[in-house]
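Student: Following is a predicted model, sequence given first.
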Amino acid sequence: MAIDLSFFARIAEALAIAVLGGLVTRWMEKRPRLIVFYGHIGEFQLQSSGVFAGGGVHTHSVVVRNSGRLAAHNVRLPHNIPLSPPLNFSVFPQTAFTRTPLAGGGEEITFPVLVPGQQVTVSYLYFPPLIFSQINLPIMSDEGMARVINVLPTPQPSKWRLMIFWLLVFVGLVTSLYLIGELVFWLQARFFP
């Protein structure tokens, strides 16, 4: 009994095209993509002076970036701390924002719009017993949740090296698909004549 592998090859081809089409569409589609990473987290012991009694101070920063191709609207950074004492923070670069109290306590910083490629750093200053993990809540916009990424300082390759890398990946993928096709035809000829 001969099995027609061309039927299975057509199904596999259609599935591969659907998956590749979905991946290319997702890569090229225009939508906002919010990414968040946490910068420095620090603790300082201030010495007392005639003006300040001294003591501990904690600090950290949150970087929000729109890496998509459309603007992100109403980007919200909620905080899980009471408004008394008020939250001390700074925004760099200077960007329009509003502060809104939350129903369960705390407050929310809202940026009306982050255009594609725009990055905002919010630096916080607070006092013990508060620590970094007690302050920030998940960050979101009207278009969805922001993705938190871990950042490691690494050197960035030049554009020509990236182009060569992706060219070699493409050549390797095409070669692998060709060899898999040849293997399927060889198996068909060898075992299902």
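Tutor: Received the coordinates, thanks.
Student: make it CA atoms for all contacts and neighbour counts henceforth
Tutor: OK.
Student: Convert stretch 145-153 to PDB, keeping the C-alpha atoms and dropping everything else.
Tutor: Coordinates of each C-alpha in stretch 145-153 appear next as PDB, following Å, rounded to 0.1, in the frame of the first residue of the first chain:
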ATOM      1  CA  MET A 145      -0.500  45.800  30.200                       C
ATOM      2  CA  ALA A 146       3.100  46.800  30.100                       C
ATOM      3  CA  ARG A 147       5.700  44.000  29.900                       C
ATOM      4  CA  VAL A 148       8.300  44.000  32.600                       C
ATOM      5  CA  ILE A 149      11.800  43.100  31.300                       C
ATOM      6  CA  ASN A 150      15.000  42.400  33.100                       C
ATOM      7  CA  VAL A 151      17.800  44.600  31.800                       C
ATOM      8  CA  LEU A 152      21.500  43.600  31.800                       C
ATOM      9  CA  PRO A 153      24.100  46.100  30.700                       C
END
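Student: Measure how buried the spatially closest residue to Q45 that is not a sequence neighbour is and give me the count.
Tutor: Nearest non-adjacent residue to Q45, counting by C-alpha to C-alpha, 6 or more residues apart in numbering: G56, 4.5 Å away. A count of neighbours around G56, defined by other C-alpha atoms under 10 Å, yields 13.
Student: Please apply the same query to E29.
Tutor: Neighbours of E29 using other C-alpha under 10 Å come to 12.
Student: Could you do E13 as well?
Tutor: 12.
Student: returning to what we had before: what helix or strand is the residue nearest to Q45 on?
Tutor: Assigned by DSSP states H and E, G56 falls within strand 55-66.
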